[in-house]
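Q: Give me a 3D structure for the following:
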Amino acid sequence: MRAPTRALIVEDIGTWIYTFDRAARRAGASEVVACESLRAAREALRTARFDVAILDIGLDPDDDQNSDGISVLEAIRQTDGDSTRCILVTGWQGDLLSLQSYAQQKFGVDWAFMKAKWDAPSVITKLTELLEGAAERRLSQSTSMANLGSGVAPSLFDAELLGALSPKGGVQTLYALASRLLGPVIPLLAAKPARPMAKGPDGARVGLYWSRTLSAAVAVGLAPEASWPEDRTVVPASLRDLLPSGTTPILLEAVRVRDIGGRLWELPGLDRDWFSV
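A: Reported below is the predicted structural model:
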């Protein structure tokens, strides 16, 4: 399974949204999300993770002093650190150099240009360059096990899983399994950060998460491989008991490392607001 390469466009003029969208897709972005305001951009960041962002500095055509695009840049850095590559754009003749210098020093900017000097080939080339290594940057945010553990101290979370699953190879087996299973879907937000994975009646540890990379709800299960149903279309009791009525999981991935098996399901019908975090 490959994670989407996603671009964020923050722009309040429709023709420029269309232009930036075409450039991002030609550069290799498989998904593009466009927002016309700071509020919409913050909601998009709550739902999804982005590999590259094109940010118009001013988002109010009636206010030449508006710089909400800088606030979006700040929100990106607070949410995803420097793993999202960011481009600043402006269409007004104000002091771009001063704003760019401020943004670069405080938040980090990868490139900037003025709409009046738009050159599609140059922008597409730069976007292509910035999108290179997107998967590696996504994984560098934190380990897959840290994502699973959410707000629980790593030592406590590791110890709980070791005691419950007794894997051959110890904690290294669990780390290898989590990395292979979850690489394409992190970062994850646990539905219950204080206890992200619960023990089911069949002995499996299962947790519900929001994947900002997939922009979808997922379930993660860890158990001795022999305890999983042979028929992978069967929803195990440990997962079924956690789901609201009417939710039908779709198995995305099944991974085995030594004697431990991991399962990853997508959960259609559960939107971002179902998760309180």
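Q: hey, where'd the helices end up in this structure?
A: 14-26, 38-47, 68-80, 96-106, 120-131, 134-139, 144-149, 154-165, 171-182, 237-240 (DSSP state H).
Q: Give me whichever of the ones you listed is most buried.
A: The highest average neighbour count among those, using mean count of other CB atoms under 10 Å, belongs to helix 144-149 at a mean of 22. Glycine gets a C-beta too; all of them are placed from N, C-alpha and C.
Q: and that one, what other elements does it pack with?
A: Here helix 144-149 touches helix 154-165, helix 171-182, strand 188-190, going by 3 or more CB pairs under 8 Å, 6 or more residues apart in numbering; DSSP states H and E.
Q: would you list the ones you listed in TSV and tack on distance to residue 72?
A: Listed next are these as TSV, based on distance: least, CB to CB, whole Å:
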stretch	distance to residue 72
helix 154-165	32
helix 171-182	28
strand 188-190	20
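Q: looking at the ones you listed, which is closest to residue 77?
A: strand 188-190 (18.0 Å; CB to CB).
Q: List the pairing partners of the closest one within its sheet, with orientation.
A: strand 205-211 (antiparallel) (DSSP bridges).
Q: residues in contact with the partner strand?
A: For strand 205-211, the external contacting residues (CB atoms under 8 Å, 6 or more residues apart in numbering) are 147-148, 161, 164-165, 185-192, 196-200, 216-223, 236, 238-239, 242-243, 267, 270, 272, 275, 277.
Q: can you check stretch 242-257 too?
A: The contact list for stretch 242-257, computed with CB under 8 Å, 6+ apart, reads 1, 167, 169, 173, 176-177, 180-181, 198, 200, 206, 208, 218-219, 225, 228, 232-233, 235, 239, 261-270.
Q: Endpoint to endpoint, it covers what distance?
A: Length of stretch 242-257, first residue to last, CA to CA, to the nearest Å: 25 Å.
Q: what's the average pLDDT for it?
A: For stretch 242-257, mean pLDDT is 95.
Q: Report the buried residues of that stretch.
A: With burial defined by 16 or more other CB atoms under 10 Å, the residues of stretch 242-257 counted as buried are 242-243, 247, 249, 252-253, 255, 257.
Q: Contact partners for residue 258?
A: Each residue near residue 258 by CB under 8 Å, 6+ apart is listed here: 167-169, 173.
Q: on that earlier part again, for residue 61, which of the helices and strands packed on helix 144-149 is the nearest?
A: For residue 61, the closest of those is strand 188-190, at 34.6 Å, according to CB to CB.
Q: hang on, the earlier thing: quick check: the two most widely separated of the buried residues of stretch 242-257?
A: Based on CB to CB, the longest span within the buried residues of stretch 242-257 runs between 247 and 257 and measures 27.8 Å.
Q: Now a ChimeraX select for only the buried ones of the contacts of stretch 242-257.
A: To isolate the buried ones among those in ChimeraX, judged by 16+ other CB under 10 Å, type:
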select :167,173,176,177,181,200,206,208,218,219,228,235,239,261,262,263,264,265,266,267,270
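Q: where are the low-confidence patches of the stretch 101-250 of the chain?
A: Counting by pLDDT under 70, the stretch 101-250 of the chain has low-confidence residues at 139-142.
Q: Distance from the chain centre to stretch 157-177, please.
A: Centre-to-centre, stretch 157-177 and its host chain are 25 Å apart (CA atoms, centre = their mean, to the nearest Å).
Q: next one: stretch 265-277
A: The chain centre lies 14 Å from the centre of stretch 265-277; the measure is CA atoms, centre = their mean.
Q: try stretch 186-202
A: For stretch 186-202, the distance to the chain centre is 17 Å (CA atoms, centre = their mean).
Q: Take the helices of the chain and write them to TSV, including distance to residue 113.
A: Listed next are the helices of the chain as TSV, based on distance: least, CB to CB, whole Å:
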stretch	distance to residue 113
helix 14-26	11
helix 38-47	19
helix 68-80	13
helix 96-106	9
helix 120-131	7
helix 134-139	21
helix 144-149	35
helix 154-165	42
helix 171-182	36
helix 237-240	48
